[in-house]
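**Student:** I would like to see how this sequence folds:
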Amino acid sequence: MFKKPKSRLTPRAREKSPEDISRTTSEKGDSTEESPIALAAKLKNKAKRIKPKSTLSFGGDEEAGDGEVFQVKKSNLSQKLTLGAHPANVLPVSLDQATITPRSNGAPVYDQAYLSELKASTPSSRRGPVAEGYDADVSMDPGDITMEATEISVDIETAIPSESSILSAKQRRERMRTHGTEDDFISLSVTKRDTVPQGPHPESRLMREEDELGEGEDEYAEYTSAQERIALGKKSQKIEASKRKDAMQELIADADEEDEETMEWEREQLRRGGPFPTSREASPAKQVYKPAAIPTSTVIPSLGPAIDRLSQSLAAMTTSHATNVKAAGSLVDEREQLDVRETELREMIAEAEAKRSWFAAFKEWVENVATFLDEKFPRLEKLEDEHISVLKERSEMIARRRRADVSDDLSLTFGSLPATADESEEVDDLGRVVPRENPVTVRRERRATRTARRLRRERERASKTIKMQRDQEEGYSTDSSLPPSDAMDYQSAMERITSDGHDLLSDVCAAEFKDPNLGLAKWFGEWRRRFGDSYTGAWGGLGLVGAWEFWVRLELLGWNPLKTSQTLDEFSWCASLHEYSRSSGDKDDLELDAGPNGDLVSAMISTAVIPLICKAVEVGGLDPYSAVDTRNMINLAEQVEASIGQDNHKFQMMLKSVYSVFEQSVSTSESLLAPFVTLNRPVFDPDAIAARRRLLRHASKFLDTLIRWRKYTGEKMGIGDLCVRHMNNVVLPIAESGWEVGGEEIAREMIAVLPREVIRALKAPLTALAS
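**Tutor:** Modelled structure (predicted):
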């Protein structure tokens, strides 16, 4: 793309003639006597004017026309030829042959010709490079080729300072070293710094290349677009675009042009660049005529091989067709499977969405139930505590009256205990001391009250046509009945508790909160029916039992299982839970799956019913001397055992509660009898025999209930040992006090009901009666 700039031909200097040389020598001789100051100024101006010139024939400075005209330096041979005209000036071959010969006048001759010859032969500087070989820039004209042009050298003339200039320079330096200078250094240059451009950093002695040669933008402005202007108007932009287009076309045209001179110049540059192989243009080969090849002879195909090939092609196509049909069939099957899978996924998504929406509604309903139970449960628990407190108060009243009656009979049998002096005086609300009652008078009043209670009991039984012997009624049915006023108070308290329980849901308007069959059974039943796996994994049955417990305990409020024959199956909650448990499977199955998600009735009995029974038994709801209470307790225990099993820890807890009641009764009897047996000071009293018989009948009644409970439970928790304690520590001391007057007879009747393993552990008097 780039064309080599054509170098300008430098005008060759005309060869000087001997006349010019002599004229020049004479002129120089006239000026040899110039002063040292003038000579230094001339050298200074000559140093400014002379610039080193490039010795290359190509790429020369185009601005060479602004300086001096290039002159060809003559070789030594030409100078010798020139100096041959002056034989006296011929130099010797070596220094040994050099002599200063005087002239005719006897003094050495220093003329201008001799000085010039001496100056030319003195090697004051390095000779310039000699251009050897072929130069493409040299004119090819045969007339221009001369002997002087075969060797070209550039030599800059060097002035030899005179003795006076050397002396003046030494004096000036000595003066500057002594007095000092403003620049504080001795300059070696013949020019002053003030006359030279200082550049952008005048304080620095270093000079940048761009400061010396000028900025590159000015030199290469044509190629860097430094002088271009930005076109702002539409017309200017069109002009600039057309200029760029013309320049591009011109560059393309220049690139297409190839002249012989440029190609020759390029080849010469490649040759000078190094011994690289040059690509030679392949000369077009001479075309030689070649005749067309004669085709080889082929056999004409027969019909058999063609048919075979067609058969093979047909078989391959048939196989390919079968493979494609099979692949198409598999694709159809795969598409059908994908359609079925898509349908299943859509159904799964619909089921998941339905499940999500249903569980969201179920969660909201459960939160409403939780809020309802948080409000109602504390009130229900308060009513249950009131019911337990009423049962406890009734049992304490009966136990207190029973201890008083037993103490009276023991006083008649063993004698009255002496009054203790450390008994504290009773004080009323106003702080006044309450006078003590006479023990004899109090005992007489209690006996009269007991007799009236017995007569009332006889009249009631006579009206019911119940015939029983009078001695068997002593101490059986009269010691556990309340007085009419206390009985009315007890009955009113129980009715009030039951009424408050019914009023607990009086402010509830939603039917699903009043009846769990409409709320709990509906939601949990739908959960079990629609999402059985989730229901089983989340123990939905236990969740239902925990939520239904409130309505179960509300229905059992005021229920005393030991005073009524009503069983658990008669309650509505039991029937509802039984129906809910059977609705999940075949209704004809009589056996339900065990576990929390199977029979929910057993789970409810274990969770809610047994704790209520244990509380009622422990506070005195079970009378150990009452055969009715014992029979009801056995029936209730059989129902619980059939529901939750005999090995269930809740069932064992209920048995332990019953055993604690019997054990407490035996301990109370032992503690009450011990001081009287220790005293043993009987006095004659006609009522002593009747009192002893009442005590023995009372003990026989307790033994009957204990043996009946032992028949149901067996030897669990030491029931047999409890029977032995009762016979040895309670029955035997009372019977021995009146052995002949009825003690032996009643003791024999009691031993007759005892099992043989218990009789073996009795004391000797009682064991003798068994034989």
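
**Student:** Show me the shaky parts of the stretch 651-771 of the chain.
**Tutor:** Low-confidence segments of the stretch 651-771 of the chain, defined by pLDDT under 70: 771.

**Student:** redo that, cut-off 80
**Tutor:** Scanning the stretch 651-771 of the chain for pLDDT under 80 picks out the ranges 680-686, 716, 770-771.

**Student:** Endpoint to endpoint, stretch 610-621 covers what distance?
**Tutor:** 14 Å (Cα to Cα, to the nearest Å).

**Student:** And the contacts of that stretch?
**Tutor:** Residues from elsewhere that reach stretch 610-621 (Cβ atoms under 8 Å, 6 or more residues apart in numbering): 384, 388, 391-392, 394-396, 398-399, 553, 556, 560-563, 622, 633, 636, 640, 650-651, 653-654, 657-658, 660-661. Backbone N, C-alpha and C define where each C-beta goes, glycine included.

**Student:** Out of these, which end up buried?
**Tutor:** The neighbour-count test (16 or more other Cβ atoms under 10 Å) marks 384, 388, 391-392, 394-395, 398-399, 553, 556, 560-563, 622, 633, 636, 640, 650-651, 654, 657-658, 661 as buried among the contacts of stretch 610-621.

**Student:** What helix or strand is residue 536 located in?
**Tutor:** Element membership of residue 536 [criterion: DSSP states H and E] is helix 532-537.

**Student:** Tell me which helix or strand comes right after that helix.
**Tutor:** helix 540-555.

**Student:** Does that following helix pack against any helices or strands, and if so which?
**Tutor:** helix 303-414, helix 520-530, helix 572-582, helix 600-604 (3 or more Cβ pairs under 8 Å, 6 or more residues apart in numbering; DSSP states H and E).

**Student:** After the last one, heading C-terminal, what element do we hit next?
**Tutor:** So that's helix 600-604. Once helix 600-604 ends, the next helix or strand along the chain (criterion: DSSP H and E) is helix 610-616.

**Student:** pLDDT of that next one, averaged?
**Tutor:** Regarding helix 610-616, the rounded mean pLDDT is 92.

**Student:** so after it, what's the next helix or strand?
**Tutor:** Counting by DSSP H and E, the next helix or strand C-terminal to helix 610-616 is helix 627-644.

**Student:** buried ones in that next one?
**Tutor:** For helix 627-644, by 16+ other Cβ under 10 Å, it's 629, 630, 632, 633, 634, 636, 637, 639, 640, 641, 643, 644.

**Student:** ok, residue 483 - how many residues close by?
**Tutor:** Look at residue 483: counted by other Cβ atoms under 10 Å, it has 13 neighbours.

**Student:** What are the phi and psi values at it?
**Tutor:** Backbone torsions for residue 483, taken as degrees, to the nearest 10, come to phi -60, psi 160.

**Student:** if I look at it, how far off is residue 628?
**Tutor:** Residue 483 sits 20 Å away from residue 628, going by Cβ to Cβ, to the nearest Å.

**Student:** ditto for residue 369
**Tutor:** 40 Å.

**Student:** Same check on residue 401?
**Tutor:** Using Cβ to Cβ, residue 401 is found at 18 Å from residue 628.

**Student:** can you count the residues close to the closest residue to residue 237 other than its chain neighbours?
**Tutor:** Excluding its sequence neighbours, the residue lying closest to residue 237 (Cβ to Cβ, 6 or more residues apart in numbering) is residue 231, at 4.5 Å. As a burial measure, residue 231 scores 14 neighbours (other Cβ under 10 Å).

**Student:** Could you look up the SS state of residue 231?
**Tutor:** The assignment at residue 231 comes out as coil when based on DSSP: H, G, I helix; E, B strand; the rest coil.

**Student:** For residue 581, grab the count of nearby residues.
**Tutor:** 20.

**Student:** Surely residue 654 and residue 637 touch.
**Tutor:** Yes: Residue 654 lies in contact with residue 637 (Cβ atoms under 8 Å); the separation is 6.7 Å.

**Student:** now the stretch 301-450 of the chain, which segments are flagged as low pLDDT?
**Tutor:** For the stretch 301-450 of the chain, applying pLDDT under 80 flags the ranges 301, 415-450.

**Student:** repeat that for 50
**Tutor:** The model of the stretch 301-450 of the chain has pLDDT under 50 over residues 421-423.

**Student:** Please apply the same query to the stretch 501-650 of the chain.
**Tutor:** For the stretch 501-650 of the chain (pLDDT under 50), the answer is 586-590, 594-595.

**Student:** pretty sure residue 658 is touching residue 709, no?
**Tutor:** Yes: contact criterion Cβ under 8 Å: residue 658 and residue 709 qualify, at 6.8 Å.

**Student:** gap between the closest residue to residue 560 other than its chain neighbours and residue 742?
**Tutor:** Ranked by Cβ to Cβ, 6+ apart and with sequence neighbours excluded, the top spatial neighbour of residue 560 is residue 621, at 5.9 Å. With the distance defined as Cβ to Cβ, residue 621 ends up 33 Å from residue 742.

**Student:** try residue 628
**Tutor:** 27 Å.

**Student:** same question, residue 418
**Tutor:** Distance, residue 418 to residue 742, by Cβ to Cβ: 28 Å.

**Student:** how much space between the residue lying closest to residue 636 once chain neighbours are set aside and residue 616?
**Tutor:** Excluding the flanking residues, the one nearest residue 636 by Cβ to Cβ, 6+ apart is residue 561, at 5.1 Å. Applying Cβ to Cβ, the value for residue 561 to residue 616 is 7 Å.

**Student:** Same check on residue 533?
**Tutor:** Taking Cβ to Cβ, one finds residue 533 at 41 Å from residue 616.

**Student:** between these two, who's got more neighbours?
**Tutor:** Each of residue 533 and residue 616 has its neighbours counted (other Cβ under 10 Å); residue 616 has more, 22 against 7.

**Student:** Quick check: that one vs residue 338, distance?
**Tutor:** 68 Å.

**Student:** Sketch out the low-pLDDT regions of the stretch 1-150 of the chain for me.
**Tutor:** Looking at the stretch 1-150 of the chain by pLDDT under 50, you get 1-33, 48, 50-70, 77, 80-81, 83-91, 93-102, 104, 126-150.

**Student:** can we see that at 80?
**Tutor:** If you take pLDDT under 80 as the line, the stretch 1-150 of the chain has these spans: 1-111, 118-150.

**Student:** again with the stretch 151-300 of the chain
**Tutor:** In the stretch 151-300 of the chain (pLDDT under 80), the answer is 151-160, 177-231, 254-259, 274-287.

**Student:** quick one, strands of it?
**Tutor:** Applying DSSP state E, counting those that start in this stretch to the stretch 151-300 of the chain gives no strands.

**Student:** Show me the helices in it, by range?
**Tutor:** Counting by DSSP state H, counting those that start in this stretch, the stretch 151-300 of the chain has helices at residues 163-179, 209-213, 216-219, 221-224, 234-256, 260-273.

**Student:** Out of those helices, which gets nearest to residue 315?
**Tutor:** helix 234-256 (64.7 Å; Cβ to Cβ).

**Student:** That closest one - contacts with which helices or strands?
**Tutor:** Using 3+ Cβ pairs under 8 Å, 6+ apart as the contact test, no helix or strand touches helix 234-256.

**Student:** follow-up on the earlier one: more neighbours: which of residue 418 and residue 742?
**Tutor:** residue 742 (17 against 9).

**Student:** Next, count neighbours for the closest residue to that one other than its chain neighbours.
**Tutor:** Of all residues not flanking residue 742 in the chain, residue 693 sits nearest, at 5.4 Å (Cβ to Cβ, 6+ apart). Residues near residue 693, counting by other Cβ under 10 Å, number 22.

**Student:** With residue 167 instead?
**Tutor:** 12.

**Student:** do you know how far it is from residue 160?
**Tutor:** Taking Cβ to Cβ, one finds residue 167 at 15 Å from residue 160.
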